[in-house]
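Chemist: for reference, the sequence and a predicted model appear below.
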Amino acid sequence: MAKKFTKKGRISRSAGRFGARYGRKDRKLVADLEERMRAPHVCAKCARPTVKRIGTGIWKCSKCGHTFAGGTYIPYTSVGQTLLRTMKNVAEAK
């Protein structure tokens, strides 16, 4: 009799839908991206973790309704955060 797996999808996570296709590394990258994308993100206006992805680069807070453009998979990119930090430092210097 065939062995039954009790923890199906534990390793492949959300990329399990691809089956054996595309290779392990690519499936792992997709699973990591989707995990970060679907994680709760904090809204810049109301500071609640209710930001959801509407489309590619479009994010919306379900609590206050604030809609903004961000990164494709995460609302705040590293380049954007660096720019905000630089602008804040320049404003403090004046």
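Modeler: Structure received. Numbers count the residues shown, from 1 in each chain.
Chemist: which residues touch the residue nearest the centre of the chain?
Modeler: The residue lying closest to the centre of the chain (Cα atoms, centre = their mean) is residue 37, at 2.0 Å. Going by Cβ atoms under 8 Å, 6 or more residues apart in numbering, residue 37 touches 53, 73, 74. Every C-beta, even on glycine, is put in place using the N, C-alpha and C of the backbone.
Chemist: ramachandran coordinates for it?
Modeler: In terms of degrees, to the nearest 10, the main-chain angles of residue 37 are phi -70, psi -40.
Chemist: how far away is residue 63 from residue 53?
Modeler: 15 Å (Cβ to Cβ, to the nearest Å).
Chemist: between these two, point out the one with more neighbours.
Modeler: residue 53 (18 against 14; other Cβ atoms under 10 Å).
Chemist: pretty sure the more buried one sits in a helix.
Modeler: No. Assessed with DSSP: H, G, I helix; E, B strand; the rest coil, residue 53 is strand; it does not lie in a helix.
Chemist: mind putting the contacts of residue 37 into CSV with pLDDT and distance to residue 20?
Modeler: Output for the contacts of residue 37, formatted as CSV (pLDDT from 0 to 100; distance: Cβ to Cβ, whole Å):
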residue, pLDDT, distance to residue 20
53, 95, 28
73, 95, 25
74, 95, 29
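Chemist: burial count for residue 49?
Modeler: Neighbours of residue 49 using other Cβ under 10 Å come to 12.
Chemist: which element is it on?
Modeler: Residue 49 belongs to no helix or strand when elements are defined using DSSP states H and E.
Chemist: please list all residues in contact with it.
Modeler: With Cβ under 8 Å, 6+ apart, residue 49 has these contacts: 40, 41, 42, 43.
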